[in-house]
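Undergrad: I'll drop the sequence and a predicted model, then ask my questions.
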Amino acid sequence: MQEELVAGDSLNFPKSTPGYPDSAGWVLTYILVPRTVGGSTISIAATAEGDDHRVALAATTTAAWAAGNYSWSARVEKSGEKYTVSRGQTVIRPDMTSVAAGYDGRSVAEKALADAKAAFSAWTPTTRRYRIADREHEFSSKAEIVGSIEFWQIELKREQRASALAKGMPDPSKSFVRINRE
């Protein structure tokens, strides 16, 4: 399963399950469970492709998916036997052609950092209440806001690091130096 899916896009990829070939009667199903309360579970049945399985869905099917964070598992089944062959996390992004104006696709850390910086810029001794990441805060001084900014900067760097590593990219928090002797 991909790290990121887009509602309204076609989904088409092969999945090999060594030891559980489709040709031997094993059926592969993906289950996506939203990580928030109230969302609907998504079930995706793969089709046969020789010994492998093919996950293929039309864009009209995925268009109904709710955007959000999901945990998923891939399970094979045959004659009452069931085995989980892989699992992970994915994000379903909204179809940008059908999103209402005003959609903000930033992460919680990105939004909170922007809010904290705006609070820092707007802080006065008479105006001390601000909304940061859907919570209201009251700051006695600008120094208190700096602590909030630093916290959200660290959280944002963690998100960026996790995203880069998940994509197989180098760790952005590490620098490499090459020294050549001549």
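TA: Received the coordinates, thanks.
Undergrad: can we go C-alpha only for contacts and neighbour counts from here?
TA: OK.
Undergrad: Ranking helices and strands of the protein by mean pLDDT, which lands last?
TA: strand 129-132 (a mean of 70; mean pLDDT, DSSP states H and E).
Undergrad: for this protein, what spans make up the helices?
TA: With helices called from DSSP state H, the chain shows them at 59-62, 108-122, 142-166.
Undergrad: How far away from the center of its chain is the longest strand along the chain?
TA: Counting residues, the longest strand found in the chain (DSSP state E) is strand 81-93. On the basis of C-alpha atoms, centre = their mean, to the nearest Å, strand 81-93 sits 14 Å off its chain's mean C-alpha point.
Undergrad: Would you indicate which residues of that strand are buried?
TA: Of all the residues in strand 81-93, those buried under the rule 16 or more other C-alpha atoms under 10 Å are 89-93.
Undergrad: What residues does the residue positioned nearest the centre of the chain make contact with?
TA: Taking C-alpha atoms, centre = their mean as the criterion, V91 is the residue nearest the geometric centre of the chain, at 3.3 Å. Shown in contact with V91 (C-alpha atoms under 8 Å, 6 or more residues apart in numbering): 3-5, 67-70.
Undergrad: let's see it at 7 Å
TA: 3-5, 68-70 (C-alpha atoms under 7 Å, 6 or more residues apart in numbering).
Undergrad: Kindly report the domain assignment for the protein.
TA: Listed by automatic domain parsing, the domain ranges of the chain are 4-93, 108-166.
Undergrad: Relative to S175, how far out is the residue nearest to V6 when sequence neighbours are not counted?
TA: Closest residue to V6 apart from its sequence neighbours, by C-alpha to C-alpha, 6 or more residues apart in numbering: R93 at 4.7 Å. For R93, the distance to S175 (C-alpha to C-alpha, to the nearest Å) stands at 31 Å.
Undergrad: just D104 next, same as before
TA: Counting by C-alpha to C-alpha - D104 and S175 are separated by 32 Å.
Undergrad: just Y83 next, same as before
TA: Y83 is 42 Å from S175, by C-alpha to C-alpha.
Undergrad: Hmm, V27 and Y20 touching each other?
TA: No. Using C-alpha atoms under 7 Å as the test, Y20 is too far from V27 to be in contact (8.5 Å).
Undergrad: Can I get the longest strand of the chain as CSV, trimmed to CA atoms?
TA: Backbone C-alpha positions of strand 81-93 (Å, rounded to 0.1, in the frame of the first residue of the first chain) are rendered in CSV as follows:
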residue,chain,number,x,y,z
GLU,A,81,-7.5,-19.7,7.4
LYS,A,82,-6.5,-16.1,7.7
TYR,A,83,-3.0,-14.5,7.8
THR,A,84,-2.0,-10.9,8.0
VAL,A,85,0.8,-10.4,5.4
SER,A,86,1.6,-6.7,5.9
ARG,A,87,0.3,-3.6,7.6
GLY,A,88,1.1,0.1,7.9
GLN,A,89,-0.2,3.6,7.8
THR,A,90,-1.5,5.7,4.9
VAL,A,91,-3.0,9.1,4.4
ILE,A,92,-5.9,9.7,2.1
ARG,A,93,-5.8,13.1,0.6
